[in-house]
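Chemist: output the structure for:
(2 chains)
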2 protein chains.
Amino acid sequence: MRTLTPGERLPSIRGLAASMQVSPSTVVEAYDRLAADGLIAARRGSGFFVLDTPQPLQIAANGPRLDRAIDPFWISRQALDADPALPKPGCGWLPADWMPTDALRRALRALSRVEAETLADYGSAQGQGELRRLIARDLAEQGLDVPPDRILLAGSGTQAMDLICRLLLRPGDTVLVDDPCYFNFQALLRAHQVRIVGVPYTPQGPDTERFAQVLASARPRLYLTNSALHNPTGATISAPVAHRLLVLAAQHDLTIIEDDIFAAFEPEPSPRLAALDGLERVIRIGSFSKTLSASARCGYIAARPDWISALIDLQVATNFGGPSPMAAELLRVVLADGGYRKHVAALQGRLARARRQAAARLAALGITPWLEPRGGFYLWCRLPEGLDAADVARAALKRGIVLAPGNAFSAAQTQAGLMRFNVSQMGGPEVDAVLKEALTEAREIAGRRSQAS
Amino acid sequence: MRTLTPGERLPSIRGLAASMQVSPSTVVEAYDRLAADGLIAARRGSGFFVLDTPQPLQIAANGPRLDRAIDPFWISRQALDADPALPKPGCGWLPADWMPTDALRRALRALSRVEAETLADYGSAQGQGELRRLIARDLAEQGLDVPPDRILLAGSGTQAMDLICRLLLRPGDTVLVDDPCYFNFQALLRAHQVRIVGVPYTPQGPDTERFAQVLASARPRLYLTNSALHNPTGATISAPVAHRLLVLAAQHDLTIIEDDIFAAFEPEPSPRLAALDGLERVIRIGSFSKTLSASARCGYIAARPDWISALIDLQVATNFGGPSPMAAELLRVVLADGGYRKHVAALQGRLARARRQAAARLAALGITPWLEPRGGFYLWCRLPEGLDAADVARAALKRGIVLAPGNAFSAAQTQAGLMRFNVSQMGGPEVDAVLKEALTEAREIAGRRSQAS
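Modeler: Okay, here's the model as predicted:
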């Protein structure tokens, strides 16, 4: 087997198939995979050639590609593109039929009668004022007093965070995250080519002693975290921990991005960094994707006026504005719809039941929650002793089920024995059967590993 | 007057108002403006303080802020946020009542009946397959054969270009643009902290000799341009020029982004770089914002498979997907609506009349087109001799009319005597009156300048 150099032509499909004694379709599949990974490319009429520099991968992966089972990029795409018929206990959203679709349909009919400008024009640079006022009202209920002109509508919660990262980060900066944390934070930060450092998350929030140590030693520019209900653990920050974080942040000139995307799932309000800090060094982001509609594509940022002004400029330069004015109007109408608040209240009860049922099913397999959350749709669970969640996830994927293994949530790879389950996407007995088989397969793999070492 | 240092507290509002003998509201306005520019910030209960580093400006402006009259960031925000009642001859889109709003309303009613997943779920990572097939069909009519799986739906044409820049550019790279070019290209490139170099645009496309020189001397990584109808000149690239550009691009390993956003305004197809090149080194972007709906927020990218794959990853990491699945379905329905094609055909006739009428009104003021375009809504015009379009624009803005002065479109500032008019946004006689006054004021300013020098 020889090595090909950049620019060199690969063997023809038939030629390689013949010499390796495999079918041409096997070679086609292999070449397609190499092309998708950016290593080779087809030149029309000439065959396949080795590419010069794998530049496209640099942003996407910022380093060697991780094992797919724990690669945030790969898991996100698997979840987004999965067969709708198959259960997705590893995904991060409610099934469509748990969302307020009746209210959405009513709002769409109302939208068909709005003035032409909302249907056709670009939106204002800061986003629909009435929706920003509704958001400000919700924030005030949390104790965060923000005038609507310090709120910017963005295309999603993720895009909101990305805008802030573009404004405040340079390649090579250090960013602090929770360990474990939402895995797409890692994908986002890798796209920004920054160094990621984790602080362990406890049932009361980040470990404040480790937080203080990391601030002093790593001097991060930003800290990204969830409020309300932590993703993936479901834990809630306590008031003393919130206060301590802010004191430390002030000592080290740390800016904090507080992602409030699960706010609606809380049974009662919990401490918010942005409310305590008053938006001096905390930036609040939020989204309607988890309780109202992920399809609408609308999130928001609340921040100091100078940052808001710069973020508006950046959003105009890079997207010529924020969310669709039609989407903003849709959300405004649903938020004003009497049925919506009832829907959210009923949802909390439904999720409480689903958490209990899922916990019982998982307990029968020896899988137990790290913590029982106050709300939301995640259970962060310990697998039986000695099993690697990545092995379980790979085995389940072979059988068509997408799971979320612990180390996908941990840049430092400290969560190998844990797994996040979405209690609203647990399917039926077929999922329990697949989990059982996957655990068995993972046990065999673990056994072979310890024999080998 | 003393100089304040970073961290220092500014005088209180009352104190400064008293010492400068102005009203407190004047000081408040001044402080607000400094805060919006990122130079000072309010600390609750303590007053205003000078900020440490004007970091927020670095991305937004990448250098000192330009004179607002020609600053792409400022002009974009003025146009997006202008009073809807005031005419906007400088803006870059059709009025809402020129857009296919009946078809949009029908499509929204249809959307209210779609399955729940389209209303509530995140979309697939690459975007709705049926819409990508319709796009592929349109591209095939241009001679560009692209399988739908080499098309990625993005949140807008601008966002499409931004994604590609994130993938392929590093700060400090050089990027080639036309001189003049769409002014938001400049805002976008400044956000990417790259060096911008211009190549003069002729009635047949870029000056190919200068193009060859610039490729050799500046070694740009990318070239951004329009196909169909150039913004702002309205010119169309000729086949020999297109061919020459691609030969030069291949010699210098240049990647080209071809923005096809005005395609629907062409009376008949013109040469396309992507069609000649077959997407080896040309990336095609497009959008529905100019003929269908800017509010829907949907654009697309057609490119080589390895780039498409990396761009999908990047879009998931930074936005957790592309456009709203509801928006994609809306567009699909409108594109399939029999009334839409008729609408676009009628629009071309309406615009031809509007171009003639606008040209006549401008001729009466001594303003003449640089070129008569084959289609579209722009007239790129020469002002009377010796006048600076920025002066005209400033004078018009004082009277409430937003204009688009030539140097906003020119990084090299070579277009001071030209101005872009949107023939569909020319308002009535009040606009002619304002233009006349603005020209007079600009003539006086020009006179004073030559006296002073």
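Chemist: quick one: neighbours of the closest residue to residue A:112 other than its chain neighbours, just the number.
Modeler: Nearest residue to residue A:112, sequence neighbours excluded (CB to CB, 6 or more residues apart in numbering or on different chains): residue B:108, at 3.8 Å. Yep, even glycine has a C-beta here, placed from its N, CA and C like the rest. Residues within reach of residue B:108, counting by other CB atoms under 10 Å in any protein chain shown, total 24.
Chemist: my read is residue B:108 is in a helix, agree?
Modeler: Yes - inclusion of residue B:108 in a helix is indicated when DSSP: H, G, I helix; E, B strand; the rest coil is applied.
Chemist: from residue B:102, how far off is it?
Modeler: In this structure, residue B:108 lies at 11 Å from residue B:102, with CB to CB, to the nearest Å as the measure.
Chemist: now residue A:69
Modeler: Between residue A:69 and residue B:102 the distance is 50 Å, computed by CB to CB.
Chemist: quick one, which of those two is more surrounded?
Modeler: Counting neighbours by other CB under 10 Å for residue A:69 and for residue B:102 shows that residue A:69 has the greater number, 22 against 15.
Chemist: next, that one: secondary structure please.
Modeler: The assignment at residue A:69 comes out as helix when based on three-state DSSP.
Chemist: how near is the nearest residue to residue A:100 once chain neighbours are set aside to residue A:350?
Modeler: Here the nearest residue to residue A:100 in space, its sequence neighbours aside, is residue A:343; by CB to CB, 6+ apart that works out to 4.5 Å. Here the criterion is CB to CB. By it, residue A:343 lies 10 Å from residue A:350.
Chemist: more neighbours, those two?
Modeler: The residue with more neighbours, out of residue A:343 and residue A:350 and counting by other CB under 10 Å, is residue A:343; that gives 19 against 15.
Chemist: my read: the more buried one touches residue A:104, true?
Modeler: No - between residue A:343 and residue A:104 no contact is recorded; they are 10.5 Å apart, counting by CB atoms under 8 Å.
Chemist: pull up the distance across stretch A:114-127, start to finish.
Modeler: Looking at stretch A:114-127, the gap from its leading to its trailing residue is 17 Å under the measure CA to CA, to the nearest Å.
Chemist: what about it, near chain B?
Modeler: Yes - where contact is defined by CB under 8 Å from any CB of the partner chain, part of stretch A:114-127 touches chain B, namely A:115-126.
Chemist: repeat for stretch A:194-213
Modeler: No - on the criterion CB under 8 Å from any CB, stretch A:194-213 is out of touch with chain B, staying 12.7 Å away.
Chemist: which other residues reach that stretch?
Modeler: A:165, A:169, A:171-181, A:186, A:189-190, A:214, A:218, A:220-221, A:225, A:230, A:233, A:235-238, A:240-242, A:244-245, A:248, A:371, A:410-412, A:414 (CB atoms under 8 Å, 6 or more residues apart in numbering or on different chains).
Chemist: give me the buried positions along that stretch.
Modeler: Of the residues in stretch A:194-213, those buried by neighbour count under the rule 16 or more other CB atoms under 10 Å in any protein chain shown are A:194, A:196-199, A:201-202, A:205-208, A:211-212.
Chemist: export it to CSV, keeping only CA atoms.
Modeler: Included here for stretch A:194-213 are C-alpha records, laid out as CSV according to Å, rounded to 0.1, in the frame of the first residue of the first chain:
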residue,chain,number,x,y,z
VAL,A,194,-10.4,28.9,21.5
ARG,A,195,-9.1,26.8,24.4
ILE,A,196,-11.8,25.1,26.4
VAL,A,197,-11.4,24.6,30.2
GLY,A,198,-14.1,22.9,32.3
VAL,A,199,-15.1,23.4,35.9
PRO,A,200,-16.9,20.5,37.6
TYR,A,201,-20.7,20.9,38.1
THR,A,202,-22.2,20.0,41.4
PRO,A,203,-25.9,19.7,42.4
GLN,A,204,-25.7,23.3,43.5
GLY,A,205,-23.9,24.7,40.5
PRO,A,206,-20.2,24.9,39.6
ASP,A,207,-17.6,23.9,42.2
THR,A,208,-16.7,27.4,43.4
GLU,A,209,-13.2,26.4,44.8
ARG,A,210,-12.2,24.9,41.4
PHE,A,211,-13.9,28.0,39.7
ALA,A,212,-11.6,30.3,41.7
GLN,A,213,-8.5,28.2,40.9
